[in-house]
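Q: Task: produce atomic coordinates for the following.
(2 chains)
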Amino acid sequence: MDKLKTLACTAAKARLLAVQMVHDAASGHPGGSLSCMDVLTALYFDVMKVDPSDPRNPNRDRFVMSKGHCSPALYPVLALRGFFPVEELKMFRRIDGHMSGHVEMKHVKGVDMSTGSLGQGISVAVGMALAGKTQQQDYRVYSILGDGEIAEGECWEAFMSAAKYKLDNLCACIDVNGLQIDGRTCDVMPSEPLDKKLEAFGWHVIKIDGHDYAQILAAYEEAKTVKGQPTMILAQTVKGKGVSFMENNAGWHGKAPNDEQMAQAKAELEAQIKELEG
Amino acid sequence: MGEKIATRAAYGNALVELAEKYPKLVVFDADLAGATMTKGFSQAYPDRFFDMGIAEGNMVGVAAGMATCGLQPFVNTFAMFAAGRAWEQVRNSVCYPGLNVKVIGSHGGLSVGEDGATHQCIEDFALMRAIPGMTVLCPCDGNEMRLATEALLNYEGPAYMRLGRLAVETVTDAIPGYQFELGKGVTLQDGSDVTIIAVGMNVQMSLKAAELLKAEGISARVIDMHTIKPLDTELVLKAARETGAIVTTEEANVLGGLGAAVCEYLAEACPVPVVRHGVNDEFGRSGKAPLVLEAYGITAEAIAECAKKAISLKK
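A: So this is what the prediction gives:
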């Protein structure tokens, strides 16, 4: 199987785990988790230097899920990558479990930063990249933000500081799925034109289809060649991607599927996996 | 005893002095390096100093990211913006993951003076103390500040430290056997009728209050409680049992700070009268610092009156 197909297949499996864990917990955030799953899978299975047997290696690449509610994206990807057994995902959001509702670093192996309060993760990613420069280490730092999240002023503070310190070891990605809790991002708080804004803030900007692996990998390769400025990948995505009834529906931002909906989602995702494996 | 230096100045000197010994120390400021006294460090160690501009929330987050990579960040701004503006970053990006970031709030309390209420943070003790796992301290003089700064460098975890704007008399260097330990108050003067538990520059006021009380035949113990959290409950309990009446005094709102911490503890451990001296739940205002303090009753005389009230409440 070629690399791109393998990645797509891994992402489909991660999507199934994501929907399953939200269903089992009867709470969580499937919409934005599914939209960023292809980018995240590409990061952990191709782009980033990480070693599941040595998750705290000081030279590892780092990742910060700035939209910290997308734990159903990060946890399954980390599990499939081998940081912990897939069975642990059953502990998501449970009182007797260790997998907090929002991304958490102290109890979940492979997580580099606890997040959840929007706007804060990208500042932390800037700090990790600045630490790399300060300590002359060559690791790279990656982050995913939501397009609703960037209404938080702190994001723009972080963008300014990353440009000031010429953090070419930082590559962030905005998951532009166009929807947030209250509706369309263009109605709630218009954010476009993101490319012009980011460029004006001193970032190198790459626009891609966030579900096209060739474009995703090419963008991350391009980012590695950029010198003297951070890179922002604007990934156009579909909220709820991969589950027909969740796609492009803001209602699935933070809602769990019932048993019947789970069965349908499972059937759809298993069909995708089968097709990709076949 | 005698030298006068602002705790912010002593802190700035300490950073420079300790930089070689602690190579992981990095210092952040938010466009206030001249006032917070990090300027000396910025000139001596430009590669370890980061001016993040007027963006305190981001500064705290960036420091948190650096802490995950093994560095020891000290973030600096006015107490108002460290504890106020950046409160949620301190809570969620520093304390919740338990990262080794030191949040330094300069210009705490009413003694900011002329700048007025918007810059006179009287809520920082309460705000920072409310966060699980946070250590909160406010050294009283230059000697204690130097020792506290090094203690923070040897302490792994989040902490908030308040610095003062005004030059204050150094008193701790004259105390026999004085030692600085995080979380351990220091009895500066023994006494048997009442105990004054003070923090920050109210320590010096309390020593004067004890003199005023002595002239009236009242024996007052004075405790320098530089660390508000974790509170030195052993020392508080001993004072309650031995003197039977307590005054707390701080240049902060009487709600939620040192006075609250002492009351919360004693109500459950050894109820004795406690009179809380501080800012009585109102905003400050502009004026020369000593006049503002006087206007709000942050004086040795007022502390002495509180001591007499506490004694009168004894059963």
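
Q: Would you mind naming what in chain A lies close to chain B?
A: A:58, A:62, A:64, A:105-106, A:112-114, A:116-117, A:119-132, A:134-135, A:153-154, A:157-158, A:160-161, A:164-165 (Cβ under 8 Å from any Cβ of the partner chain). C-beta: built from backbone N, CA, C; applies to glycine.

Q: Can you show me the helices along the stretch 101-250 of chain B?
A: With DSSP state H, counting those that start in this stretch as the criterion, the stretch 101-250 of chain B has helices at B:124-129, B:142-153, B:202-215, B:233-243.

Q: Could you do the stretch 51-200 of chain A as well?
A: A:71-81, A:120-134, A:153-164, A:185-188, A:194-200.

Q: Need the winner for burial among those helices.
A: helix A:120-134 (a mean of 29; mean count of other Cβ atoms under 10 Å in any protein chain shown).

Q: Which strands or helices does that helix pack on?
A: strand A:62-65, strand A:141-146, helix A:153-164, strand A:170-176, helix B:56-68, helix B:87-89 (3 or more Cβ pairs under 8 Å, 6 or more residues apart in numbering or on different chains; DSSP states H and E).

Q: To what extent is A:Thr115 buried, counted in neighbours?
A: 31 (other Cβ atoms under 10 Å in any protein chain shown).

Q: Equivalent analysis for B:Val26, please.
A: 26.

Q: same check, this time on B:Arg276
A: By other Cβ under 10 Å, neighbour count at B:Arg276 equals 21.

Q: Next up, the contacts around the closest residue to chain A within the stretch 201-315 of chain B.
A: Closest contact between the stretch 201-315 of chain B and chain A, by Cβ to the nearest Cβ, is at B:Pro230 (20.7 Å). For B:Pro230, the contact set (Cβ atoms under 8 Å, 6 or more residues apart in numbering or on different chains) comprises B:Thr135, B:Gly183.

Q: Dihedrals phi and psi, it?
A: Backbone torsions of B:Pro230, given as degrees, to the nearest 10, read phi -70, psi 140.

Q: that older thread, adding mean pLDDT, write the helices and strands packed on helix A:120-134 out as CSV.
A: Putting the helices and strands packed on helix A:120-134 into CSV (pLDDT from 0 to 100) gives the following:
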stretch, mean pLDDT
strand A:62-65, 98
strand A:141-146, 98
helix A:153-164, 98
strand A:170-176, 98
helix B:56-68, 98
helix B:87-89, 98
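
Q: Return the most buried member of those.
A: Using mean count of other Cβ under 10 Å, helix B:56-68 ranks as the most buried of the helices and strands packed on helix A:120-134, with a mean of 31.

Q: Could you give the separation of whichever helix or strand comes after it from the chain centroid?
A: Tracing the chain C-terminally past helix B:56-68 and defining elements by DSSP states H and E, one meets strand B:72-78 next. From the chain centre to the centre of strand B:72-78 is a distance of 15 Å (Cα atoms, centre = their mean, to the nearest Å).

Q: Pull the residues that contact strand B:72-78.
A: A:127, B:15, B:22, B:24-30, B:32-33, B:35-36, B:38, B:56, B:59-60, B:63-64, B:66-67, B:82, B:86, B:100-107, B:112, B:119, B:121, B:152-153.

Q: That strand versus helix B:56-68: what angle between them?
A: On the basis of axes from the mean of the first three to the mean of the last three Cα atoms, to 10 degrees, strand B:72-78 is oriented at 170 degrees to helix B:56-68.

Q: now strand B:72-78: mean pLDDT?
A: Mean pLDDT, strand B:72-78: 98.

Q: With stretch B:278-293 instead?
A: So the average pLDDT for stretch B:278-293 ends up being 98.

Q: Of the helices of the stretch 101-250 of chain B, flag the one that's most buried.
A: helix B:124-129 (a mean of 26).

Q: same for it, what does it pack against?
A: strand B:135-137, strand B:159-162, strand B:227-229, strand B:246-253, helix B:258-269.

Q: B:Leu166: which of the helices and strands packed on helix A:120-134 is closest?
A: Checking those against B:Leu166 by Cβ to Cβ gives helix B:56-68 as the closest, at 22.9 Å.

Q: ok, now how distant is A:Arg93 from A:His107?
A: 13 Å (Cβ to Cβ, to the nearest Å).

Q: Now do the shared contacts for the two.
A: Contacts common to A:Arg93 and A:His107, judged by Cβ under 8 Å, 6+ apart, are A:Met99, A:Ser100.

Q: ok, the two, which is more surrounded?
A: The neighbour comparison of A:Arg93 against A:His107 (other Cβ under 10 Å) goes to A:Arg93, with 19 against 12.

Q: quick one: that one and A:His102 touch, right?
A: No. A:Arg93 is beyond contact range of A:His102, at 9.7 Å (criterion: Cβ atoms under 8 Å).

Q: right, so of the helices of the stretch 101-250 of chain B, which gets closest to B:Gly257?
A: helix B:124-129 (3.4 Å).

Q: Quick check: the gap between the residue positioned nearest the centre of chain B and A:Met232.
A: Nearest to the mean C-alpha position of chain B, by Cα atoms, centre = their mean, lies B:Cys138 at 1.7 Å. Going from B:Cys138 to A:Met232 by Cβ to Cβ gives 41 Å.

Q: Ok, A:Lys106 next?
A: For A:Lys106 relative to A:Met232 (Cβ to Cβ), the value is 29 Å.

Q: With neighbour numbers in mind, choose between the two.
A: Set side by side, A:Lys106 and A:Met232 show more neighbours around A:Met232, with 28 against 11, by other Cβ under 10 Å.

Q: and that one, bridged to which residues?
A: Beta-bridge partners for A:Met232, by DSSP bridges, are A:Ala172, A:Val205.

Q: what sits against it?
A: A:Phe159, A:Cys171, A:Ala172, A:Cys173, A:Ile174, A:Leu198, A:Trp203, A:His204, A:Val205, A:Ile206.

Q: if you set the cut-off to 7 Å instead, what comes out?
A: A:Ala172, A:Ile174, A:Leu198, A:Trp203, A:Val205 (Cβ atoms under 7 Å, 6 or more residues apart in numbering or on different chains).

Q: go on, B:Gly12?
A: B:Met37, B:Thr38, B:Gly40, B:Phe41.

Q: do the same with A:Trp252
A: A:Pro30, A:Gly31, A:Gly240, A:Met246.

Q: the strands in chain A, which residues?
A: A:62-65, A:141-146, A:170-176, A:179-180, A:183-184, A:204-209, A:231-236 (DSSP state E).

Q: Out of those, which gets nearest to B:Ile311?
A: Using Cβ to Cβ, the nearest of those to B:Ile311 is strand A:62-65, at 56.1 Å.

Q: the domain parsing of chain B - what is it?
A: B:4-169, B:183-312 (automatic domain parsing).

Q: Tell me which of those sits most buried.
A: Of all the domains of chain B, as judged by average neighbours under mean count of other Cβ under 10 Å, the leader is domain B:4-169 with a mean of 23.

Q: measure that one end to end?
A: Counting by Cα to Cα, to the nearest Å, you get 4 Å between the two ends of domain B:4-169.

Q: ok so, going back, angles on the backbone of the residue nearest to the centre of chain B, please.
A: phi -150, psi 90.

Q: What pLDDT does the model give it?
A: pLDDT, read off for B:Cys138, is 98.

Q: With B:Glu3 instead?
A: For B:Glu3, pLDDT reads 89.

Q: which residues does the nearest residue to it once chain neighbours are set aside contact?
A: When the adjacent residues along the chain are set aside, B:Glu3 lies closest to B:Thr170, with 4.6 Å between them (Cβ to Cβ, 6 or more residues apart in numbering or on different chains). Neighbouring residues of B:Thr170 by Cβ under 7 Å, 6+ apart: B:Met1, B:Glu3, B:Ile5, B:Asp141, B:Gly142, B:Asn143.
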